[in-house]
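>>> My questions are about this predicted structure, shown below with the sequence.
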Amino acid sequence: MNRSQDQRYRRPISLAWGLALISLLACSGPPEVSGTQSESAQASDEEQLKLASISTEFGRIEEWTGDLDGMVERGHIRALVAYSKTFYFLDGGTQRGISYEGLVEFEKYLNERLGRRTLKVHVLIIPVHRDELLPALAKGLGDIAAANLTITPERQQIVDFSVPVGSGVTEVVVTGPSSPTLTNIDDLSGQSVHVRRSSSYWESLERVNGEFQDRGLQPIELVPAAEYLEDEDLLEMVNAGLLPLVVVDSHKADFWAGVLDEIVVHHDLTIREGAEIGWAFRKNSPQLAEEVNGFVRGHKQGTLFGNVILKRYLQDNPWVRNSLAGTDRARFDAMVHHFEEYGNRYDIDYLMLAALAYQESGLDQSKRSRQGAVGVMQVLPSTAADPNVNISNIEQLENNIHAGAKYLHFLHERYFADEAMDEFNRLMFTFASYNAGPARIRRLRAEAVEMNLDSTVWFGNVEVAAARRIGRETVQYVSNIAKYYVAYRLIEAQQKLKETAVGS
C-alpha cells in the first residue's frame with residue numbers, strides 16, 4: 001500500500017507472537033525479570049506503548065469527555081481493559097474473557113435501549129496497562145474501564161464506579177515452592193511482596209505496614225511489579241519459584257490454583273475482606289452511569305448471566321488450560337510467516353491482514369462459502385485468476401494468503417491510493433471493497449454526498465449510507481476488522497515489553 005502510510009499503522013514486528021496471545025507465559029515458568037534492556041530502548045518502547053494505549057477511535061488519538069448522548073452521536077463507547085488471561089485475552093484471534101463478554105452484552109443491552117438495530121453504537125475495546133486505566137479514563141481517553149477493579153476510596157477520588165459487579169471479595173496471600181513458611185499475617189513482616197503500584201493490593205499492604213509500624217514490627221518490603229504484568233503472570237512466577245509470594249483476589253487465586261500445580265492459596269491470610277468490584281466511568285457522567293448501573297444490576301455476579309460467565313472463565317476455562325495446544329493457536333502458528341511475508345511484500349501491516357483473515361474465515365483454510373470463496377482469505381477462484389491477481393492453487397494456504405493480500409493491495413492502489421483521504425480511511429474503504437466490491441462502495445460514497453456526509457470518511461459517514469442501502473454486513477465487517485486490529489496492535493506492543501522483561 002501507499003509507502004507514506006502513517007507509521008502508527010506500520011509498526012515493525014520482531015516477535016513470533018501472532019494473534020494467539022493467550023499463551024503469554026502459560027504453562028511454563030517465566031525467567032526472572034532481566035535488566036539487560038537499555039534505559040533508552042525501554043523508554044522508546046514505553047513511549048510507543050503509551051501512544052498506542054491512548055488510541056481511541058480505531059487508532060486516532062483524541063481526548064473527549066462527554067456523556068452518553070455524545071457517545072451515541074459519535075457512534076462508539078471506548079472501553080478500557082487490561083489484557084488478562086481471565087478477563088480479556090485472545091484465543092487464536094477471537095476476543096474472550098469476563099470483561100469482554102460483559103462489554104459485548106452491554107453493547108447489545110444499550111442498542112436495544114436506544115432502538116438501534118442496524119447502525120449501532122459500538123463498544124470499542126482498548127487494552128492498556130493497569131496503571132493507565134483510571135488516568136486515561138479521567139482524561140477522556142476512554143469512557144468505561146472494565147478490568148476487575150476493586151472500588152476503593154482512593155480510586156473514587158479520580159473516577160466514579162458502577163453499582164458492584166461483585167461483592168465479598170477477599171485479597172489473599174499466595175505462596176509457591178520458594179516461599180517462606182507463613183502461619184499468620186505477622187509472618188509477612190520483613191518479607192518481599194511483588195505488587196503493582198496501581199493495584200488495590202498495594203493500598204492494602206500499605207495499610208498492613210501501618211499496623212506493623214504501630215506494633216513495632218518490620219514492614220513488608222513492597223517491590224513494584226511492572227504494570228504490564230497481570231496477576232496471572234505474577235502467579236506463574238510464584239509457581240516457578242521466581243517470586244516468593246504475591247497477593248491477589250481470592251476468586252482469581254482459586255482458579256489459577258487449579259491450573260498451576262505449585263501455588264498455595266492461603267485463605268486464612270487475608271489483607272482485605274468484603275471488597276467490591278465495579279466498572280468505572282468519568283465523574284459527571286449521569287447518563288452513562290444510569291445505563292451502566294441498569295446493565296450491571298441485571299448482569300452482575302448472582303444473576304444468570306453473571307453466574308454463567310464466571311463459571312465459564314473461573315471454573316471451566318478451556319482457553320487457559322489448553323493455551324499451548326488449541327487448534328486456533330496451531331492454525332496461526334502455521335500461517336503467521338505467510339501474513340508477515342505477504343504483508344511486507346504488499347505493504348500491509350501483517351496484523352491488519354490477519355485481522356481481515358480472521359473476520360473472513362476464523363483462520364480456517366478448509367472453509368468454503370456458498371458463493372465458492374476459498375480458504376483463509378475467502379478468495380473467489382475468479383478473483384484469483386484475474387490478471388490483476390493471477391495466483392493459482394488457492395486451495396493451498398500460502399497461495400490463498402498471497403492472493404488475498406495481492407487483491408487487497410490492488411483494491412487499495414486502483415481505487416483509493418490517490419483519493420483525498422487519510423491512510424486510515426483508505427484502509428477502511430479497501431476492506432469495505434474487499435467485502436462488498438469497489439463498484440458498490442463507489443456508489444455508496446456518492447450517496448453519502450447526497451446525504452450531506454463526508455465521502456472520504458468511513459466511520460459515521462459512508463458506513464451510514466452502507467447501513468441504509470445494504471444492511472449491517474459490510475458495516476459490521478469493517479468495524480470488526482478495525483476493532484480486531486486495534487486490539488491486536490495494542491496487545492502486541494504490550495507483549496513485546498513483557499517478553500523483553502521476562503525473556504531470557
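Okay, I see it.

>>> now for the lengthiest strand in the chain, which elements pack on it?
Criterion DSSP state E: the longest strand present in the chain is strand 264-281. Here strand 264-281 touches helix 130-139, strand 144-150, strand 160-161, strand 166-175, helix 200-214, helix 250-257, helix 286-299, going by 3 or more CB pairs under 8 Å, 6 or more residues apart in numbering; DSSP states H and E. Every C-beta, even on glycine, is put in place using the N, C-alpha and C of the backbone.

>>> show me what contacts the closest residue to Val173 other than its chain neighbours?
In space, and not counting its chain neighbours, Val173 is closest to Leu269: 4.0 Å by CB to CB, 6 or more residues apart in numbering. Going by CB atoms under 8 Å, 6 or more residues apart in numbering, Leu269 touches Val172, Val173, Leu182, Asn184, Ile185, Leu188.

>>> Tell me the secondary structure of the residue lying farthest from the centre of the chain, please.
What lies farthest from the middle of the chain is Gly216; by CA atoms, centre = their mean that is 44.7 Å. Following DSSP: H, G, I helix; E, B strand; the rest coil, Gly216 is assigned to coil.

>>> How about the backbone phi and psi for it?
Main-chain torsions, Gly216, degrees, to the nearest 10: phi 80, psi 20.

>>> go on, the one 4 residues further on?
Reported as degrees, to the nearest 10, the phi and psi values for Ile220 are phi -70, psi 140.

>>> can you check the one 3 residues further on too?
Dihedral angles phi and psi of Val223 (degrees, to the nearest 10) take the values phi -100, psi 110.

>>> can you check Asn388 too?
phi -70, psi -10.

>>> Compute the mean per-residue pLDDT across the helix or strand harbouring Arg78, please.
Applying DSSP states H and E as the criterion places Arg78 in strand 76-81. Mean per-residue pLDDT for strand 76-81: 93.

>>> Now do that strand: which elements does it pack against?
Going by 3+ CB pairs under 8 Å, 6+ apart, strand 76-81 lies up against strand 55-57, helix 98-114, strand 122-127, helix 130-139, strand 144-150.

>>> Save these as TSV, and put in distance to Glu203 and mean neighbour count too.
Below are those laid out as TSV (distance: least, CB to CB, whole Å; neighbours: other CB atoms under 10 Å):
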stretch	distance to Glu203	mean neighbour count
strand 55-57	29	20
helix 98-114	21	19
strand 122-127	24	25
helix 130-139	13	20
strand 144-150	9	25
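
>>> can I get the ones you listed in CSV with mean pLDDT?
Supplementary listing: the helices and strands packed on strand 76-81 in CSV, determined by pLDDT from 0 to 100:
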stretch, mean pLDDT
strand 55-57, 36
helix 98-114, 93
strand 122-127, 87
helix 130-139, 92
strand 144-150, 94
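
>>> what's the closest of these to Glu395?
helix 98-114 (33.7 Å; CB to CB).

>>> Please name every helix or strand in contact with that closest one.
Helix 98-114 packs on strand 76-81, strand 122-127, strand 144-150, helix 286-299, helix 304-314, going by 3+ CB pairs under 8 Å, 6+ apart.

>>> switch the cut-off to 6 Å
Judged by 3 or more CB pairs under 6 Å, 6 or more residues apart in numbering; DSSP states H and E, helix 98-114 is in contact with helix 286-299, helix 304-314.

>>> and the last one, how far from the chain's centre?
Between the mean C-alpha location of helix 304-314 and the chain-wide mean there is a distance of 20 Å, by CA atoms, centre = their mean, to the nearest Å.
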